[in-house]
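*Asks:* Provide a 3D model corresponding to the input given below.
(one chain, ligands or ions: 1)
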Amino acid sequence: MSTAINALINFIEKSPTAFHAVASCAEILEEKGYVRLFEGDEWKLEAGKGYYLTRNQSSVIAFRIPEKKPHNFLITASHTDSPMFKVKNEALSPAFEQYARLNVEPYGGTIFSTWLDRPLSLAGRVIVSQGDKIEARLIDFERDLLVIPNVAIHMKRDINSGCAYNPAIDLLPLLSQDAKTDFAEFLANEARCKKEELLGYDLYVYNRTSATRIGMNGEFFSAPRIDNLMCAFGTLQGFINSKNDHSVNLFYSADNEETGSTTKQGAGSVFLSDVIDRICESFGIDRKRALASSMLVSADNAHAKHPNHPELGDAKNAPHLNGGVVIKNNAAQKYTTDGISASIFGKICAYADVPTQQYANRSDMPGGSTLGSIATTLTPMMSIDIGMAQLAMHSAYETAGADDIDHLIHAITAFYNTELTVLGDGQYCLQFSKGKGARKNV
Ligand code: ZN
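*Replies:* Numbers count the residues shown, from 1 in each chain. Next comes the predicted model:
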């Protein structure tokens, strides 16, 4: 039975938005002694120490410098954001005298129907004026606050024949019985500031349904934001568990994957590249040579074979829940896996005694994209796309295998513990130190 699942559920529940996911990562890193850096400061990095930094409070990078001069980077990349709804600046949309609705727009590609008729809440950050200073504060209402009511079946008789929801009309959450309610006052109260001190906000609607174990033996779990907090948490645990005397181990979890990654803090930005540059400068490492022998594991969940619709997956490359780490493949390289990276990662998983399974889209169905192919255009290195099998991706409430979080942590721990040397183009040497990569519970 899984041991890490409860810690994952706790992480998900503490992380309703990308800002909170980064804060949750920071808390874990601080506990483990990682030193916080700020991009605007001069960095004085020391061998043998671990560091972390954030950008826009919504992307995070942590890294550990070995005692000896490192020759490469071992990197995992995941994402902190999930599809939800963002509150617009003019936040209220009155409907008659009886109702105040929140004026929201979709963030990312969510399954609209899954957001209806369930308790929702608000979280994000508020920007507060403090004299001549401005401070961004994380906020989470942490209570059942909103609902998006369906139309009754008696008023829409074809509702079970497939229903199109218009986000501008059908998906505005109900907030209050008072159409003239003062949202800014309400928000300022929650943020413990005066209304006139409230300068702005980035607020999101999130699903309040608790994460829970499912199945006769608790073999599955359902939760909001499994894509991609499962991989963010699993790669962070692997990162923290590991030790490498030859490589800079680096953990990256980026915002804005769900909207294409092309933001200052997303995987399409130079955030990762900037940090690699500064580490190389600090220790006299030749960046080009280091990248030529480095490896990136892009970790983002994969579609499991659906119990009611197995025909939607490839006949053979269709993973199942609790079946181990999924290697994601795509001929067009939307997933960066190739024969070499799959072989290297396969050997690492075999060493760590972690099962692997293969994923490919049905050939007549284009799949989604993820971080690896975007991140490696700016930091070119060998790369693989992996994930854990899950159902109902981008639903407000998703389902995955409870044992798979352990598989992910063990595989990533072993990856970070590997001594990877590139001998030439297509020639590699992998060494696993004794005792490392061994199973370690969190
Ligand atoms: Zn994802």
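
*Asks:* got the contact list for the closest residue to Lys86 other than its chain neighbours?
*Replies:* Computed as CB to CB, 6 or more residues apart in numbering, the closest residue to Lys86 that is not its neighbour in sequence is Tyr107, at 4.7 Å. C-beta coordinates here come from the backbone N, C-alpha and C atoms, glycine included. Residues near Tyr107 by CB atoms under 8 Å, 6 or more residues apart in numbering: Asp81, Pro83, Met84, Phe85, Lys86, Tyr204, Glu258, Thr259.

*Asks:* now Tyr107: how far from Thr259?
*Replies:* 7 Å (CB to CB, to the nearest Å).

*Asks:* next: Ile28.
*Replies:* Ile28 is 26 Å from Thr259, by CB to CB.

*Asks:* and Ser210, by the same measure?
*Replies:* Counting by CB to CB, the gap from Ser210 to Thr259 is 27 Å.

*Asks:* if we can go back for a sec, ok, the residue nearest to Lys86 to the ion distance?
*Replies:* 13 Å (CB to the ion, to the nearest Å).

*Asks:* one more: Tyr51?
*Replies:* 26 Å.

*Asks:* so for the helix or strand containing that residue, what's the average pLDDT?
*Replies:* Element membership of Tyr51, judged by DSSP states H and E, is strand 50-55. Averaged across strand 50-55, pLDDT comes to 98.

*Asks:* can you list the strands that it pairs with?
*Replies:* Its sheet considered, strand 50-55 pairs with strand 35-36 (parallel), strand 59-64 (antiparallel) by DSSP bridges.

*Asks:* kindly reformat these as JSON lines and extend each row with mean neighbour count and distance to the ion.
*Replies:* Converted to JSON lines, these look like this (neighbours: other CB atoms under 10 Å; distance: least, CB to the ion, whole Å):
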{"stretch": "strand 35-36", "mean neighbour count": "13", "distance to the ion": "26"}
{"stretch": "strand 59-64", "mean neighbour count": "26", "distance to the ion": "14"}
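
*Asks:* make a markdown table out of those strands and add mean pLDDT.
*Replies:* Below are the strands paired with strand 50-55 laid out as a markdown table (pLDDT from 0 to 100):
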| stretch | mean pLDDT |
| --- | --- |
| strand 35-36 | 98 |
| strand 59-64 | 98 |
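
*Asks:* pLDDT at the residue nearest to Lys86, what is it?
*Replies:* 97.

*Asks:* how far away is it from Gln177?
*Replies:* 27 Å.

*Asks:* what's the answer for Phe345, then?
*Replies:* 55 Å.

*Asks:* for Arg278, same thing?
*Replies:* 53 Å.

*Asks:* before we move on, what about Val104?
*Replies:* 19 Å.

*Asks:* neighbour-wise, which of the two wins?
*Replies:* Neighbours per residue (other CB atoms under 10 Å) separate Val104 from Gln177, with Val104 holding more: 24 against 10.

*Asks:* the more buried one against Lys88, yeah?
*Replies:* Yes. Using CB atoms under 8 Å, Val104 is in contact with Lys88, at 6.6 Å.

*Asks:* distance between the ends of stretch 320-339?
*Replies:* End-to-end distance of stretch 320-339 (CA to CA, to the nearest Å): 22 Å.

*Asks:* does the ion sit close to that stretch?
*Replies:* No. Applying CB under 5 Å from the ion, one finds stretch 320-339 out of contact with the ion, separated by at least 11.0 Å.

*Asks:* how about that stretch: buried residues?
*Replies:* Judged by neighbour count using 16 or more other CB atoms under 10 Å, the buried positions of stretch 320-339 are 321-330, 334-337.

*Asks:* in strands only, show me these.
*Replies:* Judged by DSSP state E, the subset of the buried residues of stretch 320-339 located in strands is Val325, Val326, Ile327, Lys328, Asn329.

*Asks:* next one: stretch 65-85 to chain centre, how far?
*Replies:* Centroid separation for stretch 65-85 versus its chain: 12 Å, with CA atoms, centre = their mean, to the nearest Å.

*Asks:* is that stretch positioned near the ion?
*Replies:* No. If you take CB under 5 Å from the ion as the test, stretch 65-85 misses the ion, and the best it gets is 5.6 Å.

*Asks:* mind listing what's buried in that stretch?
*Replies:* Here stretch 65-85 shows 65-66, 70-85 as buried, counting by 16+ other CB under 10 Å.

*Asks:* repeat that for stretch 12-23.
*Replies:* Ile12, Glu13, Ser15, Pro16, Thr17, Ala18, Phe19, His20, Ala21, Val22, Ala23.

*Asks:* now render those residues as TSV, adding distance to Thr413.
*Replies:* Converted to TSV, those look like this (distance: CB to CB, whole Å):
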residue	distance to Thr413
Ile12	21
Glu13	24
Ser15	22
Pro16	28
Thr17	28
Ala18	25
Phe19	27
His20	25
Ala21	21
Val22	22
Ala23	24
